[in-house]
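K.L.:
this is a predicted model, with the sequence first.
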Amino acid sequence: PETPARRSETIRMFATGLGATLPAVSGTDGLPPVGVDAMVRAEIIVGVNNAGTPLIAKRLSPDLIGVYIVDFQIPANTPQSNNIVLSLAANAIDGSPTQFSGGSRIPIQ
């Protein structure tokens, strides 16, 4: 609550389990080559206040093994509250069922 997101602001969410990237990342360290963005191949859907929101980028972290970074924009019409629903869903490229994150909350100013 001390550092809320602001409406229309682009913020970042960290996630795991988003699957394959392009270019593919493999090897013992599981990190993309330096200077290369390994983009998530799955369709990613971010929800703020129980509605979809603009996705900016979806990529594998360059320095955190197994962690993905999802950048998205807080909609301008999001209510101001310390208890706004935040969710993430992924539609894998192999056609498997949509995977949903657990419930989460975010403060919005």
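P.N.:
Great, that's in hand.
K.L.:
what's the spacing between the residue nearest the centre of the chain and R59?
P.N.:
Residue closest to the mean C-alpha point of the chain, counted by C-alpha atoms, centre = their mean, is V70 at 2.9 Å. Distance, V70 to R59, by C-beta to C-beta, to the nearest Å: 8 Å. Any C-beta I mention is one placed from the backbone N, CA and C, and that applies to glycine too.
K.L.:
also S81?
P.N.:
For S81, the distance to R59 - C-beta to C-beta - is 29 Å.
K.L.:
okay, the two: which has more neighbours?
P.N.:
Set side by side, S81 and R59 show more neighbours around R59, with 18 against 15, by other C-beta atoms under 10 Å.
K.L.:
ok, the more buried one touching V36?
P.N.:
No: R59 is beyond contact range of V36, at 9.7 Å (criterion: C-beta atoms under 8 Å).
K.L.:
what touches both of those two?
P.N.:
Here R59 and V36 share no contacting residue, scored by C-beta atoms under 8 Å, 6 or more residues apart in numbering.
K.L.:
could you point out which element follows the longest strand seen in the chain?
P.N.:
Within the chain, and with DSSP state E defining each element, the longest strand by residue count is strand 81-91. For strand 81-91, the following helix or strand on the C-terminal side (DSSP states H and E) is strand 99-100.
K.L.:
what is that next one packed up against?
P.N.:
Contact partners of strand 99-100 among helices and strands, from 3 or more C-beta pairs under 8 Å, 6 or more residues apart in numbering; DSSP states H and E: strand 81-91.
K.L.:
V46: neighbour count?
P.N.:
24.
K.L.:
who does it bridge with?
P.N.:
L88 (DSSP bridges).
K.L.:
from what I can see it touches T53, true?
P.N.:
Yes: using C-beta under 8 Å, V46 makes contact with T53 at a distance of 5.2 Å.
K.L.:
okay, and the common contacts of those two?
P.N.:
F72.
K.L.:
the longest strand of the chain packs against which elements?
P.N.:
Using 3+ C-beta pairs under 8 Å, 6+ apart: strand 81-91 touches strand 10-15, strand 43-48, strand 99-100, strand 104-108.
K.L.:
ok, residues contacting that strand?
P.N.:
By C-beta under 8 Å, 6+ apart, strand 81-91 touches 1, 4, 13, 15, 17-19, 40, 42-50, 70, 78, 98-101, 103-108.
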